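Enquirer: from the sequence below, what's the structure:
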Amino acid sequence: MTAEAVERGRGERAGFVPRVLAVPAVVGLALLVLPLGALVLRVEWSTLWSDVTSPEALSALGLSLATGAAATAVCVVLGVPLALLIARSSVRTAAVLRALVTVPLVLPPMVGGVAMLFLFGRTSLLGGLLAEWGIRIPFTTTAVVMAQTFVALPFLVLALEGSLRATGTGFEQAAAGLGAGRWTILARVTLPLAAPGLVAGIVLCFARAIGEFGATALFAGNAPGVTQTMPLAIYTAFNGAGVTQGTAVALSLLLLVTAVGVLLLVRAWRAEAPR
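Expert: Numbering: from 1, shown residues only. Just a heads-up that it's a prediction; the model follows:
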């Protein structure tokens with residue numbers, strides 16, 4: 001390849017964007033990266049292992065992983081049918097359903113926690129009925145899972161629904177023409193074709209669940225060993241209670257590494273996915 005061809009390729013990629021726009025672009029990138037760098041610089045590397053393995057930190061970490069996994073499983077059970085419904089609905093119906101699913105993404109998590117508390121609290125109709133049966137949801141580990149599910153479900157639904165729409169229904173129609181039943185088509189045609197979107201949705205769903213704070217704080221509380229997940233332990237530490245600030249910084253770094261790992265995993269999966 002000649003130097004002229006290389007230069008032409010660079011010009012095509014750069015397009016005709018004004019070069020002065022690089023200044024606000026760099027400022028925006030710095031706004032995203034520098035706070036994370038400051039967090040890494042505050043880590044006490046000599047005590048990192050002891051901070052992460054302290055009893056309080058392990059309790060918060062174990063609860064976050066357990067509830068995050070449970071919430072992800074609930075999202076799969078509820079989200080896969082919902083994504084199928086949206087993907088196979090008419091344009092107008094799909095638009096309405098997609099808008100409803102998107103609401104938790106733009107809604108402040110605190111508002112979601114208040115809404116769930118009003119729905120399942122003792123003073124609500126549903127909460128009162130559950131209380132008569134001896135079932136209490138708010139301020140329990142179950143409430144943590146429900147709050148995480150509320151904020152994480154849209155990630156799985158939207159990722160899978162986009163993948164389902166991209167694959168279309170041609171292969172499903174061919175399988176039906178060969179005599180395959182609906183469940184066979186779903187298990188052997190529809191879901192395998194949409195696997196990249198499903199896996200990406202599951203990974204993003206789990207990452208969002210373990211990082212949930214607002215809805216969990218209001219709906220589940222902040223009881224150590226019961227409802228205190230990693231984000232709540234970090235918040236509590238910086239308010240002078242619970243785990244030490246060194247442990248809070250270590251847990252923050254752990255969440256940061258988890259988020260970066262999730263993004264790399266999703267990127268690698270999509271790069272290898274068949275097109």
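Enquirer: OK, contacts around the closest residue to Ser89 other than its chain neighbours?
Expert: Closest residue to Ser89 apart from its sequence neighbours, by Cβ to Cβ, 6 or more residues apart in numbering: Leu97 at 6.5 Å. C-beta: built from backbone N, CA, C; applies to glycine. Leu97 makes contact with Leu82, Leu85, Ile86, Ser89 under the criterion Cβ atoms under 8 Å, 6 or more residues apart in numbering.
Enquirer: go again with 7 Å.
Expert: Counting by Cβ atoms under 7 Å, 6 or more residues apart in numbering, Leu97 touches Leu85, Ile86, Ser89.
Enquirer: which one of these sits closest to Ala57?
Expert: Ile86 (39.6 Å; Cβ to Cβ).
Enquirer: return the per-residue confidence for that closest one.
Expert: pLDDT recorded at Ile86 is 93.
Enquirer: show me what contacts it?
Expert: Contacts of Ile86 (Cβ under 7 Å, 6+ apart): Ala94, Leu97, Arg98, Glu161.
Enquirer: okay, and which of those map to helices?
Expert: Ala94, Leu97, Arg98, Glu161 (DSSP state H).
Enquirer: longest helix of this structure?
Expert: In terms of residue count, the longest helix belonging to the chain (DSSP H) is helix 55-87.
Enquirer: list the buried ones in it?
Expert: Buried residues in helix 55-87, counted by 16 or more other Cβ atoms under 10 Å: 56-57, 59-61, 63-65, 67-68, 70-72, 74-76, 79-80, 82-84, 86-87.
Enquirer: and what of stretch 186-195?
Expert: Those would be Leu186, Val189, Thr190, Leu191, Leu193, Ala194, Ala195, for stretch 186-195 by 16+ other Cβ under 10 Å.
Enquirer: tell me where the model's unsure across the chain.
Expert: Residue ranges of the chain with pLDDT under 70: 1-15, 240-244, 266, 268-275.
Enquirer: go again with 80.
Expert: 1-17, 48, 50-53, 56-57, 237-248, 258-275 (pLDDT under 80).
Enquirer: not counting sequence-adjacent ones, nearest residue to the most centrally placed residue in it?
Expert: Nearest to the centroid of the C-alpha atoms of the chain, with distances taken as Cα atoms, centre = their mean, sits Arg208, at 2.7 Å. For Arg208, ignoring the flanking residues on the chain, the nearest one in space by Cβ to Cβ, 6+ apart is Ala152 at 4.3 Å.
Enquirer: highest neighbour count among the contacts of Ile86?
Expert: Glu161 (27 neighbours; other Cβ atoms under 10 Å).
Enquirer: from memory Ala147 sits against Phe219, does it?
Expert: Yes: Ala147 is in contact with Phe219 according to Cβ atoms under 7 Å; the separation is 4.9 Å.
Enquirer: does Gln245 really touch Phe238, like I thought?
Expert: Yes: with contacts counted by Cβ under 7 Å, Gln245 reaches Phe238, the gap being 6.5 Å.
Enquirer: list of residues touching stretch 212-230?
Expert: Stretch 212-230 is contacted from outside by 56, 59-61, 63-64, 67, 108-110, 112-114, 116-117, 138-141, 143-144, 147-148, 150-151, 210, 231-232, 235-236, 242, 251, 255, using Cβ under 7 Å, 6+ apart.
Enquirer: 6 Å - rerun?
Expert: 59-60, 63-64, 109-110, 112-114, 116-117, 139, 141, 143-144, 147-148, 150-151, 231-232, 251 (Cβ atoms under 6 Å, 6 or more residues apart in numbering).
Enquirer: what about it, start to end distance?
Expert: 9 Å (Cα to Cα, to the nearest Å).
Enquirer: and it, which residues are buried?
Expert: Taking 16+ other Cβ under 10 Å as the criterion, stretch 212-230 shows 212-222, 224, 227-230 as buried.
Enquirer: cool, thanks, signing off.
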